[in-house]
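Colleague: No sequence on hand, only this structure:
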């Protein structure tokens, strides 16, 4: 058995920088990774998907070239080239992380699968076939999540795609069926529509993006349908079967009755499950919820002394920037004598459909449920000069303002570079600025930020 001061299981966007920080502070540290350094974000999430989203946007703009007075020929997409570019970017990001870890003093990187044998003791089955035992004074779990598959009769006979395998296709599907109208389903649905596939999205609920306000979700629906995507709401898949040579028929219970939806490929985008099932957490005293996510307190401590969890494996908001902030909380508390918690941090996010949906703070539904007194500022993107000039005027901007103090409570920006404009509103929220500061601010013309004058001027 080898003893370390710190053991990190999983090299995600929290575990990787945490390992380096602990080692740099002089603590003997080992990082165990079963697959790829970088976790979901670098290998199967943000980096590869947004690389492919960029390719899809180029195809979209190329087809619209005539709208700008630019004449082009027939637009075709080489999915092999898109995949090659995606792989290159991923490899660059991953290899950079690996080299930084391998060069860090006091840090050992072990490739293998870990499982607990007692509270802070682990056995690692390494990739070379050996088994080693590790014991740590502190253990940090950052094993992340993986795509979930729905329980659907006939699915075992269909080679269904998930958010990882769909990015390895080398040919554009003739017609992609997508189960799930959340972030993942919408991003891939629009992406492959722009690559040239027919797309049908099947959503169980009454709206897409169930966490968003209904008016925002309705605008997203409008945009996707304008792009030629079929969207079925309040529709529940009941079974799936092969049809003909390579075809798929998805049986769906729709408001108007049972319907068979045909396609060539099926993407299941119904959420993710935590990678805790092979850790043998029952030997540690670490509590998990009914879905297997690790329970932590506001300081990321589990129910077992000396054991912490960070990143997606602990449940809650599953975003890279949240995982990275988990690392910063642990670094501050364990190395800098801080008392940081997760309770006071904002949870901004961007859905990378096009136009983007940037969100931070309270939605109107949440404000109403809390009984807050608020005002709504809302304008269409067609009121924004910059959006009109670049012919990207779909979407809307919506912000909630505290009726008494004038503070900005939250916003949704569905529009060109919506995530970047959302960040400007988030900075104002972080600084406690009243909405009037943005209403009366002088912003460069004609930039998207100028829309904040118009947005908050609508409250007058």
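Modeller: Noted; the coordinates are in hand. The model shown is predicted, which means the values in this text are computed figures rather than measured ones.

Colleague: just the helices in the protein please.
Modeller: Assigned helices in the chain, in chain order: 15-24, 39-43, 46-63, 79-102, 183-195, 214-226, 320-335, 364-369, 385-389, 418-430, 435-439, 451-457 (criterion: DSSP state H).

Colleague: Who are the packing partners of the first one?
Modeller: The helices and strands touching helix 15-24, judged by 3 or more C-beta pairs under 8 Å, 6 or more residues apart in numbering; DSSP states H and E, are strand 2-9, strand 29-33, helix 79-102, strand 107-118, helix 320-335. Placement of C-beta: from N, CA and C, glycine included.

Colleague: Residue 414: what's it in contact with?
Modeller: 216, 219-220, 223, 355-358, 381, 395-397 (C-beta atoms under 8 Å, 6 or more residues apart in numbering).

Colleague: List just the nearest of those to residue 44.
Modeller: Within the contacts of residue 414, the smallest distance to residue 44 is 20.6 Å, found for residue 356 (C-beta to C-beta).

Colleague: can I get the helices of the chain in JSON lines with distance to residue 275 and mean pLDDT?
Modeller: What follows is these, written out as JSON lines (distance: least, C-beta to C-beta, whole Å; pLDDT from 0 to 100):
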{"stretch": "helix 15-24", "distance to residue 275": "12", "mean pLDDT": "97"}
{"stretch": "helix 39-43", "distance to residue 275": "10", "mean pLDDT": "94"}
{"stretch": "helix 46-63", "distance to residue 275": "18", "mean pLDDT": "98"}
{"stretch": "helix 79-102", "distance to residue 275": "18", "mean pLDDT": "96"}
{"stretch": "helix 183-195", "distance to residue 275": "17", "mean pLDDT": "98"}
{"stretch": "helix 214-226", "distance to residue 275": "30", "mean pLDDT": "98"}
{"stretch": "helix 320-335", "distance to residue 275": "14", "mean pLDDT": "98"}
{"stretch": "helix 364-369", "distance to residue 275": "30", "mean pLDDT": "97"}
{"stretch": "helix 385-389", "distance to residue 275": "41", "mean pLDDT": "98"}
{"stretch": "helix 418-430", "distance to residue 275": "28", "mean pLDDT": "98"}
{"stretch": "helix 435-439", "distance to residue 275": "42", "mean pLDDT": "98"}
{"stretch": "helix 451-457", "distance to residue 275": "41", "mean pLDDT": "98"}
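
Colleague: still on that earlier bit, which one of the contacts of residue 414 sits closest to residue 205?
Modeller: For the contacts of residue 414, the nearest to residue 205 is residue 220 (13.1 Å; C-beta to C-beta).

Colleague: Leaving out sequence neighbours, find the closest residue to that closest one.
Modeller: residue 208 (5.5 Å; C-beta to C-beta, 6 or more residues apart in numbering).

Colleague: Next, count neighbours for that neighbour.
Modeller: Other residues within reach of residue 208, judged by other C-beta atoms under 10 Å, total 25.

Colleague: and if you look at residue 77?
Modeller: Considering only other C-beta under 10 Å, residue 77 is surrounded by 18 other residues.

Colleague: Over to it: give its phi and psi.
Modeller: Per-residue torsions, residue 77: phi -110, psi 130 (degrees, to the nearest 10).

Colleague: Just list the residues touching it, thanks.
Modeller: 55, 59, 172, 195-196.

Colleague: For the nearest residue to residue 439 once chain neighbours are set aside, give its distance to residue 279.
Modeller: With sequence-adjacent residues excluded and distances taken as C-beta to C-beta, 6+ apart, residue 439 is closest to residue 456, at 3.6 Å. According to C-beta to C-beta, to the nearest Å, residue 456 stands 49 Å off from residue 279.

Colleague: residue contacts, the residue nearest to residue 271 when sequence neighbours are not counted?
Modeller: Leaving out its chain neighbours, the residue that sits closest to residue 271 by C-beta to C-beta, 6+ apart is residue 148, at 4.8 Å. Contact analysis of residue 148 by C-beta under 8 Å, 6+ apart lists 268, 270-273.

Colleague: what about 10 Å?
Modeller: 162, 180, 268-274, 291 (C-beta atoms under 10 Å, 6 or more residues apart in numbering).

Colleague: ok, of those, which one's closest to residue 5?
Modeller: Nearest to residue 5 among the contacts of residue 148, with distances taken as C-beta to C-beta, is residue 274, at 26.0 Å.

Colleague: quick one: pLDDT of that closest one?
Modeller: pLDDT recorded at residue 274 is 97.

Colleague: Please report how far it lies from residue 73.
Modeller: According to C-beta to C-beta, residue 274 and residue 73 sit 48 Å apart.

Colleague: before we move on, what about residue 383?
Modeller: For residue 383, the distance to residue 73 equals 35 Å [C-beta to C-beta].

Colleague: Equivalent analysis for residue 430, please.
Modeller: Here residue 430 is placed at a distance of 48 Å from residue 73 (C-beta to C-beta).

Colleague: For those two, indicate the residue with more neighbours.
Modeller: More crowded of residue 430 and residue 73, by other C-beta under 10 Å: residue 430, with 10 against 7.

Colleague: wait, isn't the more buried one in contact with residue 346?
Modeller: Yes. Between residue 430 and residue 346 there is a contact at 7.4 Å, judged by C-beta atoms under 10 Å.

Colleague: Now the phi/psi pair for the residue nearest to residue 271, please.
Modeller: According to degrees, to the nearest 10, residue 148 has phi -100, psi 150.

Colleague: next one: the one 3 residues further on
Modeller: Its backbone dihedrals place residue 151 at phi -90, psi 100, with angles given as degrees, to the nearest 10.

Colleague: So what's the residue count around it?
Modeller: 7.

Colleague: Let me see the contact set for it.
Modeller: With C-beta under 10 Å, 6+ apart, residue 151 has these contacts: residue 270.

Colleague: how far out from the middle of the chain is stretch 224-244?
Modeller: The chain centre lies 23 Å from the centre of stretch 224-244; the measure is C-alpha atoms, centre = their mean, to the nearest Å.

Colleague: distance between the ends of that stretch?
Modeller: Terminal residues of stretch 224-244 are spaced 29 Å apart (C-alpha to C-alpha, to the nearest Å).

Colleague: looking at the sheet around residue 140, what are its partners?
Modeller: residue 8, residue 308 (DSSP bridges).

Colleague: Just the pLDDT for it.
Modeller: Looking at residue 140, its pLDDT stands at 98.

Colleague: Any chance of the helices of the chain in CSV with distance to residue 287 as columns?
Modeller: Shown next, in CSV, are the helices of the chain (distance: least, C-beta to C-beta, whole Å):
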stretch, distance to residue 287
helix 15-24, 20
helix 39-43, 23
helix 46-63, 29
helix 79-102, 30
helix 183-195, 28
helix 214-226, 35
helix 320-335, 18
helix 364-369, 28
helix 385-389, 48
helix 418-430, 33
helix 435-439, 42
helix 451-457, 44
